[in-house]
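Q: Got a predicted structure plus its sequence, pasted below:
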Amino acid sequence: MSTQAGNDRAFNRSMLIKLVVVALLMFGFGFALVPMYRAICQVTGINNLVQRDATGREARNTQVDMTRTISVEFDANARGLLGFKPEQTSLDVHPGEVMTVMYDISNNEGRTIDAQAIPSYAPKQATEYFRKIECFCFTQQVLKANETKRMPVVFVIDPKLPKDVKTITLSYTFFELNKPAVPPPKQSAGA
């Protein structure tokens, strides 16, 4: 009986050591995923939504193509009680021309919130040719209770944009970060 108990203890100790090693390896792998993900995104050019696309100097060094006009449409979506809209819904742009469009964001909550905008483009192939120089989407925004901000997007469309693209839609989704949890509804005593 004591031999069986000794074997069980040895087995349990061995299993515990294996489980701790596996847990530590999984924990380490979780930390390693972040730099691996960033490196893969940087190499492939995907998921670089909140990075500056071009500096002001790079954008101003492009040749303006006056023979082409691209219609750029602006769209805005917000989650929660955020008011968010572009000041103009469309703009005609010559490729290589530096342009600015303004967006209005308002916090209709009675508290300060942290928010972030994520851009998307249509058609998808236009993404690599739409270069943002300045954008509120590069950083998180802090909006005080009932505050309204006017924020610019400065951009240039690369003259290398394929000739068949005549319209680009720039759409932003603005959402609150670290939204407080909503408490569950109280149940009545009779339920």
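A: Everything's here; your move.

Q: how near is the residue lying closest to residue 142 once chain neighbours are set aside to residue 2?
A: Using Cβ to Cβ, 6 or more residues apart in numbering and skipping the chain neighbours, the partner closest in space to residue 142 is residue 114 (5.6 Å). No exception for glycine: its C-beta is placed from N, CA and C like everyone else's. Residue 114 sits 62 Å away from residue 2 when distances are taken as Cβ to Cβ, to the nearest Å.

Q: The two - which one has more neighbours?
A: For residue 114 versus residue 2, the count of surrounding residues by other Cβ atoms under 10 Å is larger for residue 114: 12 against 6.

Q: show me the residues around that one that make contact.
A: Shown in contact with residue 114 (Cβ atoms under 8 Å, 6 or more residues apart in numbering): 140-143, 176-178.

Q: Same check on residue 111?
A: Residues near residue 111 by Cβ under 8 Å, 6+ apart: residue 145.

Q: Please apply the same query to the one 5 residues further on.
A: Contacts for residue 116 (Cβ under 8 Å, 6+ apart) come out as 50, 137, 140-141, 174-175, 177.

Q: rewinding a little: tabulate the contacts of residue 114 in JSON lines, adding columns for neighbour count, distance to residue 103 and secondary structure.
A: Below are these laid out as JSON lines (neighbours: other Cβ atoms under 10 Å; distance: Cβ to Cβ, whole Å; DSSP: H, G, I helix; E, B strand; the rest coil):
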{"residue": "140", "neighbour count": "13", "distance to residue 103": "15", "secondary structure": "coil"}
{"residue": "141", "neighbour count": "19", "distance to residue 103": "11", "secondary structure": "strand"}
{"residue": "142", "neighbour count": "13", "distance to residue 103": "16", "secondary structure": "strand"}
{"residue": "143", "neighbour count": "21", "distance to residue 103": "13", "secondary structure": "strand"}
{"residue": "176", "neighbour count": "18", "distance to residue 103": "16", "secondary structure": "strand"}
{"residue": "177", "neighbour count": "11", "distance to residue 103": "18", "secondary structure": "strand"}
{"residue": "178", "neighbour count": "8", "distance to residue 103": "22", "secondary structure": "coil"}
